[in-house]
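A.B. asks: Whatever this is, show me its structure:
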Amino acid sequence: MGSKFKVTSLKADTKYGIVASDLENLMDKGCQKLQLSREGCRVCLFEDGTEVDAEYFSRLKDNCKLIILEQGQKWNGEIRYYLKEILHEYDNSSDELITTAKSMLSEEIRPKKRKLLQYFVEDSTENITAENRDDDQKWFEGLNPRFKTKSDYMSFSCGRRMRNYLAEGAFDEDRCTFIHSINPYGSRENRIVFSTWNLDHGIEKKRTIIPTIVKTVKQQKIDNRKVKRFYSLLFTLANLKLVHIVCHKKTEHKLSCDPPKTCMGKKRKRNSLS
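C.D. replies: Numbers count the residues shown, from 1 in each chain. Just a heads-up that it's a prediction; the model follows:
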């Protein structure tokens, strides 16, 4: 007999109920109801825009909301659609929209929705597009008057930090034996060499960390302590060093994911970038 669905299109003002036994049947009935040309059409979930194929169709629940798109049309999902409509509606009265969002923050709402509202309010009240000092004086408070634009200050700040890059040496050394340092502003050659520097994992990502994660998951022995350990090995300075290409040893490191007993586990002073 088939399942029940609610279908619509970008042109339709409402959703229509139809019963379909398979995807082709749905396309035929849906296009007829929505007065669309069948050629080039495709079906997507109204909720998030996921495209529905024949296999996925069999897993759809009764009364699932679908949208039939004509060739070249896109659908990013229900939430983005309604958000776009709201922003369009309040295009000339953004203050009213911000006030409404702030009032909703005082109500009992789910944490995820609260966070989204907070992001919206913060982004809406910040003066992101302003570039000059006169247009956003609060942003420039405490800065030298010689900085006239945000770009001027950010260029200076980034440049000052970059002039102090120091290499940390090979994975099995406490410091760079070559005393590598570089100023990418110094010369064209230095700028090119600087682009080759990278972060090196002491305990190797591909050879050791990833296989250990896979093994742990398969054995169902994962816990918060191990998650934190793996995160530390993959993404933090506990297992990452800034390495000059000369010091980057490509040979197997032969270090395990067990609590560190090598030089990588020693507490050492990190090079500052400030």
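A.B. asks: Which parts of the stretch 101-250 of the chain are strands?
C.D. replies: Applying DSSP state E, counting those that start in this stretch to the stretch 101-250 of the chain gives strands spanning 198-201, 240-243.
A.B. asks: Now Cys257: closest residue in space, sequence neighbours ignored.
C.D. replies: Thr212 (4.5 Å; CB to CB, 6 or more residues apart in numbering). Yep, even glycine has a C-beta here, placed from its N, CA and C like the rest.
A.B. asks: can you check Asn198 too?
C.D. replies: Val243 (6.2 Å).
A.B. asks: just Asp48 next, same as before
C.D. replies: In space, Asp48 is closest to Gly77, 4.2 Å off (CB to CB, 6+ apart).
A.B. asks: Leu233 too?
C.D. replies: Per CB to CB, 6+ apart, closest to Leu233 is Asn239, 4.5 Å.
A.B. asks: My guess is that neighbour contacts Gly202. True?
C.D. replies: Yes - using CB atoms under 8 Å, Asn239 is in contact with Gly202, at 5.2 Å.
A.B. asks: So which of these two has more stuff around it?
C.D. replies: Using other CB atoms under 10 Å, the more surrounded residue of Asn239 and Gly202 is Asn239, with 24 against 20.
A.B. asks: so what's the backbone phi/psi at that one?
C.D. replies: phi -140, psi 10 (degrees, to the nearest 10).
A.B. asks: Any figure for the gap between it and His248?
C.D. replies: 15 Å (CB to CB, to the nearest Å).
A.B. asks: So what's the residue count around the residue nearest to Asp48?
C.D. replies: Gly77 - counted by other CB under 10 Å - has 16 other residues nearby.
A.B. asks: so who does it touch?
C.D. replies: The contact partners of Gly77, taken as CB atoms under 8 Å, 6 or more residues apart in numbering, are 45-49.
A.B. asks: With Lys228 instead?
C.D. replies: Lys228 neighbours (CB under 8 Å, 6+ apart): none.
A.B. asks: For Cys44, list each beta-bridge partner.
C.D. replies: Going by DSSP bridges, Cys44 is paired in beta bridges with Glu51, Ile67.
A.B. asks: Need phi/psi at the residue nearest to Arg207 when sequence neighbours are not counted.
C.D. replies: Excluding its sequence neighbours, the residue lying closest to Arg207 (CB to CB, 6+ apart) is Glu252, at 6.3 Å. Note on Glu252: its backbone torsions stand at phi -60, psi 130 [degrees, to the nearest 10].
A.B. asks: what about Glu252, distance to Phe171?
C.D. replies: From Glu252 to Phe171 the distance is 11 Å (CB to CB).
A.B. asks: More neighbours: these two, which one.
C.D. replies: Phe171 (23 against 9).
A.B. asks: wouldn't that one be in contact with Leu240 here?
C.D. replies: No - between Phe171 and Leu240 there is no contact under CB under 8 Å: 9.6 Å.
A.B. asks: Can you get me the centre-to-centre distance for stretch 30-40 and its chain?
C.D. replies: 37 Å (CA atoms, centre = their mean, to the nearest Å).
A.B. asks: That should have said stretch 233-252, apologies.
C.D. replies: 24 Å.
A.B. asks: again, but for stretch 143-158
C.D. replies: Counting by CA atoms, centre = their mean, stretch 143-158 comes out at 28 Å from the chain centroid.
A.B. asks: next one: stretch 11-25
C.D. replies: With CA atoms, centre = their mean, you get 34 Å for stretch 11-25.
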